[in-house]
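>>> need a structure here:
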Amino acid sequence: MTAATFEFVSYLPQPAPTRSVGAARTDRTATPARGWFSQDNVLRKMSTALVPLLGLAGAPANAAPVPSANELVITAAQNGRAEQMMALLRTLIDYQFLPHDWDGYDGQPAKAAALLDALEFLGQLPRTLPVPSPMLSGSGTIGLYWDRGTHYASLEFEGDGTYTSLTDGPDGYGGAEGVAARTLPAALRHFLASLPIAG
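From the prediction side, this is the model:
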């Protein structure tokens, strides 16, 4: 079980993990069986998607030289973004555990496949671009959006491996359908890079 899997399991509002067979030798725990989360393939995909988003991939901390003052400023900015990303991930995961009729209009919890697609997209989002805000439709579709007054962008993940994008800015409307979840088209990247700083 990767560190990302452990982090994810420990966050979920479930009973504590139980020791699995051979746990004494490997120090591994078994995931409690509950809903879609007990499906190995979903757990594997979730863990794979969360590793880079949680900053668990890459060189060990002691591999880097002592940072300069400029690097410390950059690191502080990255840490602020990391906190925003963690808050976003927590909300997206919480969407899975909403009760039926959470909105009073027969609302469904987030679809597992839609969550995985959103995580795939977030894994491709450069760290130089702002972290989006989450949204959830009553049909279980997950959305991500950026709202800066004169600039707005939203993405909708239905769980089919793609997303639909919509942009609205001073230059007019834009958008695309059927964009692969693991991609960030140049036009969308440029629009997000041009977003005014949130105030």
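>>> every contact and neighbour count from this point should use C-alpha atoms.
OK.
>>> what about the helices in the chain?
Assigned by DSSP state H, the chain shows helices spanning 3-11, 23-26, 40-53, 69-94, 112-124, 186-193.
>>> those helices: lowest mean pLDDT?
Least confidently modelled of the helices of the chain is helix 3-11, at a mean of 35 by mean pLDDT.
>>> any idea what the residue nearest to Phe191 when sequence neighbours are not counted is bridged to?
Leaving aside its sequence neighbours, Phe191 sits nearest to Thr167 (CA to CA, 6 or more residues apart in numbering; 7.8 Å). Beta-bridge pairing for Thr167 (DSSP bridges): Ala153, Gly174.
>>> quick check, pLDDT for Thr167.
As predicted, Thr167 sits at a pLDDT of 95.
>>> check Pro196 too.
As predicted, Pro196 sits at a pLDDT of 89.
>>> Arg148 versus that one, what's the distance?
Separation of Pro196 from Arg148 (CA to CA, to the nearest Å): 6 Å.
>>> same check, this time on Ala181
Using CA to CA, Ala181 is found at 23 Å from Arg148.
>>> the more surrounded of those two?
Ala181 (23 against 14; other CA atoms under 10 Å).
>>> distance of that one from Gly80?
25 Å.
>>> and if you look at Leu166?
Distance from Leu166 to Gly80, by CA to CA: 27 Å.
>>> next: Ala176.
For Ala176, the distance to Gly80 (CA to CA) stands at 30 Å.
>>> grab the nearest non-local neighbour of Thr141.
Nearest residue to Thr141 in three dimensions, chain neighbours excluded: Glu158, at 4.9 Å (CA to CA, 6+ apart).
>>> tally of neighbours for that neighbour?
23.
>>> residue contacts, it?
Taking CA atoms under 8 Å, 6 or more residues apart in numbering, we find Glu158 in contact with Lys111, Ala113, Ala114, Gly140, Thr141, Ile142.
>>> need the contact list for the nearest residue to the fourth one once chain neighbours are set aside.
This points to Gly140. In space, and not counting its chain neighbours, Gly140 is closest to Ala110: 4.0 Å by CA to CA, 6+ apart. Contacts here follow CA under 8 Å, 6+ apart; on that basis Ala110 touches Tyr95, Gln96, Phe97, Leu98, Leu136, Ser139, Gly140, Thr141, Ile142.
>>> neighbours of the residue lying closest to the last one once chain neighbours are set aside, how many?
Leaving aside its chain neighbours, Ile142 sits nearest to Leu136 (4.8 Å; criterion: CA to CA, 6+ apart). Leu136 has 20 neighbours, counted by other CA under 10 Å.
>>> so what's Leu136 scoring on pLDDT?
pLDDT for Leu136: 96.
>>> wouldn't it be in contact with Gly143 here?
Yes. Between Leu136 and Gly143 there is a contact at 5.8 Å, judged by CA atoms under 8 Å.
>>> tell me, how many residues neighbour the residue nearest to Gly178 when sequence neighbours are not counted?
Nearest residue to Gly178, sequence neighbours excluded (CA to CA, 6+ apart): Thr162, at 5.2 Å. Neighbour count for Thr162, taken as other CA under 10 Å: 22.
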